[in-house]
Structure formats: C-alpha cells, structure tokens
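>>> got a predicted structure here, sequence first:
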Amino acid sequence: MDQLLENFSLDLFVKQTVLFLVLIFLLVKFAWKPILNALNDREEGIKNALDSAEKAKLEMENLQADNNKLLKEARAEREAMLKDARDLKNKMIEDAKGEAQAEAAKLIAQAQASIETEKKAAIADLKAQVANLSIDIAEKVVQGELANKGKQEKLVESLLDDATLN
Amino acid sequence: MKVLSKTITSLTLGLLLTLTAFASGDKNKKGHGDPVNTPEEINEYIQHHVKDSHDFHLFSYFSDGEEHHVGFPLPVILWGENGLTAFMSSAFHHDDNGKEIVEKGGSKFVRLHGKIYELEEGATEVKFDDEHHPVNASTPFDLSITKSVFGILLIGLLMLLWFGGLAKQYKTKKVPTGFGRVLEPLVLYVRDEIAKPNIGPKYRKFTGYLMTVFFFIWILNLFGLTPFGFNVTGQLAVTAALALITLVVYLFSSNGHFWSHQLWMPGVPYFLRPLLAVIELAGTLIIKPFSLMVRLFANITAGHIVVMSLIAIGITMQQQMTAVGSTLLSFVLSLFITLIEVLVAFLQAYIFTMLSALFIGMAVEEPEHH
C-alpha cells in the first residue's frame, strides 16, 4: 500500500485527467459523432432497403396472383364467347334450314298448284280439241256416209248402239 | 498469404523480444561503469522502468568503459516558487540521485528517484534525513511532458488521426477503405458488444466516452509491449484518472430510480435498508472506481514486471545454465508471456470499458413496468 501511494503521482494524475478530457472532447466532436451518425445512417439505409425489397417482393407476388386471376378470367371469357358463337352458329344453321325447308315446301306447293292448273287447262284444251276433232271427223264421216241411204241408217244404228253402251 | 503474415508476425515478435533483451542487458545502474548484471541491479532496473520518467530512454551501451545512453530528452515544465520554469530533461545529464543541480529562473532543481525537487533559497546541495528524504527541498507542481505524458499525447494524436480520418471517409462513401476498414469493425464492436447490451436504449450518449476509453487503454497497452518502454496504463495516476472519470460519468447520469435503490432498497426488511444503503453507497462511490483503477494498473504493471523478469533470466541464470541455455529459456518463456500479454492488453481494455458501461447502465436504468 505504501509503495502504491508512493507510486501515485498527483502531477501525472492531473495531467492525465486534463489531457484525457480534452481527448474525449476532440474525439467525440471530430470522430465518434460523425462515425456513429454515418454508421446509424448506413444501418438505417440497409434496413430500409431490405424492407422495401421485402415489400416489392410481396407486391410482385400480389401482382402475379392478380395476373393469374386475370388470365383465368380471360380464358373463361374466351370459352364463354366461343360457346356463344358456336351456339349462335348452330341456331343460325337451324333457322336457315327451317326457313329453306319452308320456302321449298311453299315453292313445291306453288309448283304443284300451277301444275294442277296447267293440267286442268291442258285437259280442257285437249277436250275441246278432241271435241272439235270429233266434230270434224264426224262431219267428214257424216258427209261421206250421208251420200247413200243405207250407210246413213247403219251409222245411226251403230251410233245408237254406242250410245246404249255408254 | 497467411503463412507470410504469420512469419512476419513471429519475426516482429522475435525482433521485439531481442531488442527488449538487448536494452535490458545493456542498461546500466546510474553512476556505475558496468552493465546491469546482478539480481539487485535488475530488480532496480525493473522498478525504474515501470515508473514514469522525465526522459525517453531507449537503451544504453558501453564502449571504452563509458556509458552511452540512446534516447531523447523531454521538456520539463515546473510550477514552483518562482512561477513557471521550463527546460529540457537533458539538463540533468541522466542524473537521478540529486547531484546535478539545474539553475533556471532563479530556482535550483534536482532530480531524485524520478521526482524533481526545488531547493530552498541559499541551499547549494540536497540534504537528506535518515530515511533518505530530502529536507531542504520542496516539490514544485510538475507539468512536464514525461514519458507517460508523451505516450498519452502520442496516442491521443494517433487516435485523432485514425478515427478523424475514418469519420472523414464517411462523408464521401458508405464503406471505408484502407485502414478505416480495420477500425470500423472495432468501433462497431465497442458499440454493439459493450455499449448497447450494458447501457440499453440510452447507449448513444455514452458511446463516445466508452470508445475513447477502450481505444486509449488498448492502444497504450499494446504500446507498452513494444521495446519503447511505455508503461502508461501501468501508472496508478493514469488508471486513477480513468476510473475517476467513469465515476463522474455515472454519478452525473444517474437517475432517481438508481438512487432510490441505492438509499432505500425496496423488497428488503426495513431494518436492513440503512445497512444496505451504506454498503451500496460504498460500492458505488469507492469500491467500483477503486477496482477499476487497481485492476488495470496491477494487470499491466504485473505484465511488464513478468516479461522483464523472464528476459532477465538470460542474465541471472547464466552461471547455472550456460549462456545459450539461459538465453533459450528466457526467449521461450518471454515469447510465451508476451503473447499472453497481447491478449491481456485487449482483455483489460475490454474489461475496463465493459465495467464502465455496466456501471453507467445501472445508473441510467429505467424502472421496469410490470
């Protein structure tokens, strides 16, 4: 203890205290404060960058999910549209078919009707011509036959036979 | 690369040790014409080394039976009876026994065992009492740049240069380059491993002090291991000043919560509380700073004494072990101890800073909300 006290130099104690306080002051002002501030700023910057990266990642994921959803929706819509189109096509074909059939039937009916009329007209015409022809023939026959009496009578007889047969 | 650096390290250490051994081997007891070679002389030499000194002595050598000193003088600044006086320490001509009288500014000064005395008016030489204390001289206030002060100034300047440079680097870039790359992790280490965990959320205010203490002690400890013979952190006055500053820092930053626990410890029977207050106060005001002071001083001084004693084996054991044997033994042992001292240099800086941070943390701790 005596040796310790003898080793203790008050002069050095005072000098060390003063010098050390000055050193603390200078270092705090010119070194520690700027260094700690810079380190803090840097750490904050790194933390922020990491946070925003994480956020960006999340956003990216959200975006991707949205994209997928949109894609799915688009695909469904396309399917629906295709289906509609197909249905429309089928319906149009059906309609067209029906209409065509109806038209054809109408045409056929008209044709048949006109054929019938034509037929009737033709028959009537034929009948008239036949009648005329018959009259002509009959005239000529009658003219020929009526040249002798016997033949006239025969004719009348046969005509009468025919008439009975009728 | 690793092998190369290892080789360089071991070479440097080897050189360091041989230089120290050389210095101690050639050192001479003042006033004698022969080297230090008896146990008594070695003991005195070691005692002398761990003390502060007014000149910077590197080594001595002998030629033609004369002693030559290699080193440089330091300024002596004194505040005595006749005011401020300054002269170089070379004026004492390496005398440490009060024989050489320096007259300056109307006062007469002598140096005796590392201390400077001012002779009384009319005295022409120092007179001693029975216990070899001077009777006709007073001690002026010594503002000299002694070896320790020189060391403090040198380290202070180095720290300002290094850390100021590091601070400047951050102005232009985010990550330092060069030597700053070595310093930055150390700064981060002190902040994250010492200041933050021990002090808590208020660490920022005290980090500057803790950094200064840590690097100051560490670098000075390491300088003490070089053959330049610094022993700054082994000076009781220096460690006392550091411990006192820590005491002042934690006393002035303490809060009401801290003092309520100091003076009236809750959760303890009432009749025990005054007793506890006495113990707590003694711990806070005396034991904590005292332990800080003595721990650093004793560790560093002991380290210096052990290293020098082991180096001295090379001289003292020569008769028993031959010159080669004793030198080899001294080399191996002092190499081993020097390596441990490198660790101790860091450890003591860490412990001092860590305990300072812990004491500050206790003083500023906020009451816990349960």
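Arrived safely, thanks for sending.
>>> every contact and neighbour count from this point should use C-alpha atoms.
Will do.
>>> how are the helices of chain B distributed by residue range?
Secondary structure of chain B, counting by DSSP state H: helices at B:2-26, B:39-50, B:147-172, B:180-189, B:196-199, B:204-224, B:236-253, B:256-263, B:273-282, B:288-316, B:318-364.
>>> now do the last one and helix B:288-316, the angle between them.
Helix B:318-364 runs at 170 degrees relative to helix B:288-316, counting by axes from the mean of the first three to the mean of the last three Cα atoms, to 10 degrees.
>>> still on that earlier bit, can I get the helices of chain B in TSV including mean neighbour count?
Converted to TSV, those look like this (neighbours: other Cα atoms under 10 Å in any protein chain shown):
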stretch	mean neighbour count
helix B:2-26	15
helix B:39-50	16
helix B:147-172	19
helix B:180-189	15
helix B:196-199	20
helix B:204-224	22
helix B:236-253	21
helix B:256-263	16
helix B:273-282	15
helix B:288-316	21
helix B:318-364	19
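>>> got JSON lines for those, with mean pLDDT too?
Output for the helices of chain B, formatted as JSON lines (pLDDT from 0 to 100):
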{"stretch": "helix B:2-26", "mean pLDDT": "49"}
{"stretch": "helix B:39-50", "mean pLDDT": "81"}
{"stretch": "helix B:147-172", "mean pLDDT": "92"}
{"stretch": "helix B:180-189", "mean pLDDT": "92"}
{"stretch": "helix B:196-199", "mean pLDDT": "92"}
{"stretch": "helix B:204-224", "mean pLDDT": "93"}
{"stretch": "helix B:236-253", "mean pLDDT": "93"}
{"stretch": "helix B:256-263", "mean pLDDT": "86"}
{"stretch": "helix B:273-282", "mean pLDDT": "90"}
{"stretch": "helix B:288-316", "mean pLDDT": "90"}
{"stretch": "helix B:318-364", "mean pLDDT": "91"}
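>>> make JSON lines out of those and add distance to residue B:71.
Shown next, in JSON lines, are the helices of chain B (distance: least, Cα to Cα, whole Å):
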{"stretch": "helix B:2-26", "distance to residue B:71": "11"}
{"stretch": "helix B:39-50", "distance to residue B:71": "14"}
{"stretch": "helix B:147-172", "distance to residue B:71": "11"}
{"stretch": "helix B:180-189", "distance to residue B:71": "31"}
{"stretch": "helix B:196-199", "distance to residue B:71": "44"}
{"stretch": "helix B:204-224", "distance to residue B:71": "17"}
{"stretch": "helix B:236-253", "distance to residue B:71": "23"}
{"stretch": "helix B:256-263", "distance to residue B:71": "51"}
{"stretch": "helix B:273-282", "distance to residue B:71": "45"}
{"stretch": "helix B:288-316", "distance to residue B:71": "19"}
{"stretch": "helix B:318-364", "distance to residue B:71": "24"}
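>>> who in chain A is up against chain B?
A:4, A:7-17, A:19, A:23-24, A:26-28, A:30-35, A:38, A:42 (Cα under 8 Å from any Cα of the partner chain).
>>> and those, which of them are buried?
Listed as buried from the residues of chain A next to chain B are A:8-10, A:12-17, A:19, A:23-24, A:27-28, A:30-35, A:38; burial here means 16 or more other Cα atoms under 10 Å in any protein chain shown.
>>> so which of the residues you listed are in strands?
Nothing among those maps onto strands, per DSSP state E.
>>> now, those that are in helices?
Members of those lying in helices (criterion: DSSP H): A:10, A:12-17, A:19, A:23-24, A:27, A:33-35, A:38.
>>> can I see the domain layout of chain B?
Domain assignment of chain B by automatic domain parsing yields the ranges B:75-144, B:148-364.
>>> the last one vs chain A: in contact?
Right, domain B:148-364. Yes. Domain B:148-364 comes into contact with chain A (Cα under 8 Å from any Cα), by way of B:149, B:152-153, B:156, B:159-160, B:163-167, B:170, B:174, B:208-209, B:211-212, B:235-238, B:240-242, B:245.
>>> quote the end-to-end distance of that domain.
End-to-end distance for domain B:148-364: 34 Å, by Cα to Cα, to the nearest Å.
>>> measure how far that domain is from the centre of its chain, please.
On the basis of Cα atoms, centre = their mean, to the nearest Å, domain B:148-364 sits 10 Å off its chain's mean C-alpha point.
>>> these two touch, right, residue B:364 and residue B:255?
Yes. Applying Cα atoms under 8 Å as the test, residue B:364 and residue B:255 come out as touching, 5.7 Å apart.
>>> for the residue nearest the centre of chain A, give its distance to residue A:89.
Geometric centre of chain A, nearest residue: residue A:81, 3.1 Å, by Cα atoms, centre = their mean. Remark: distance between residue A:81 and residue A:89 (Cα to Cα) = 12 Å.
>>> give me the below-cutoff pLDDT ranges for chain A.
Where chain A drops to pLDDT under 70, the residues are A:1-4, A:145-146, A:164-166.
>>> I'd like the domains of chain B as JSON lines, with distance to residue A:132 appended.
Below are the domains of chain B laid out as JSON lines (distance: least, Cα to Cα, whole Å):
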{"stretch": "domain B:75-144", "distance to residue A:132": "173"}
{"stretch": "domain B:148-364", "distance to residue A:132": "131"}
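>>> pLDDT weak spots in the stretch 51-200 of chain B?
If you take pLDDT under 70 as the line, the stretch 51-200 of chain B has no such spans.
>>> tell me which stretches of it form strands.
B:55-63, B:66-73, B:75-80, B:83-88, B:102-104, B:107-112, B:115-119, B:137-138, B:141-142 (DSSP state E, counting those that start in this stretch).
>>> so which of these is nearest chain A?
Each of those has some distance to chain A by Cα to the nearest Cα; the shortest is strand B:141-142, at 5.6 Å.
>>> pull the distance from the closest one to the chain's centre.
The answer for strand B:141-142 is 19 Å, by Cα atoms, centre = their mean.
>>> so is that strand next to chain A?
Yes. Using Cα under 8 Å from any Cα, strand B:141-142 reaches chain A at B:141, B:142.
>>> now do that strand: which elements does it pack against?
Other elements packing on strand B:141-142 under the criterion 3 or more Cα pairs under 8 Å, 6 or more residues apart in numbering or on different chains; DSSP states H and E are helix A:10-27, strand B:75-80.
>>> save these as CSV, and put in distance to residue B:309 too.
CSV is the format used below for those (distance: least, Cα to Cα, whole Å):
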stretch, distance to residue B:309
helix A:10-27, 26
strand B:75-80, 31
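>>> closest one to residue B:222 among those?
Nearest to residue B:222 among the helices and strands packed on strand B:141-142 is helix A:10-27 (18.0 Å), distances taken as Cα to Cα.
>>> quick check, nearest of the ones in helices among the buried ones among the residues of chain A next to chain B to residue B:130?
When these are compared for distance to residue B:130 (Cα to Cα), residue A:10 wins out at 24.9 Å.
>>> much appreciated, bye for now.
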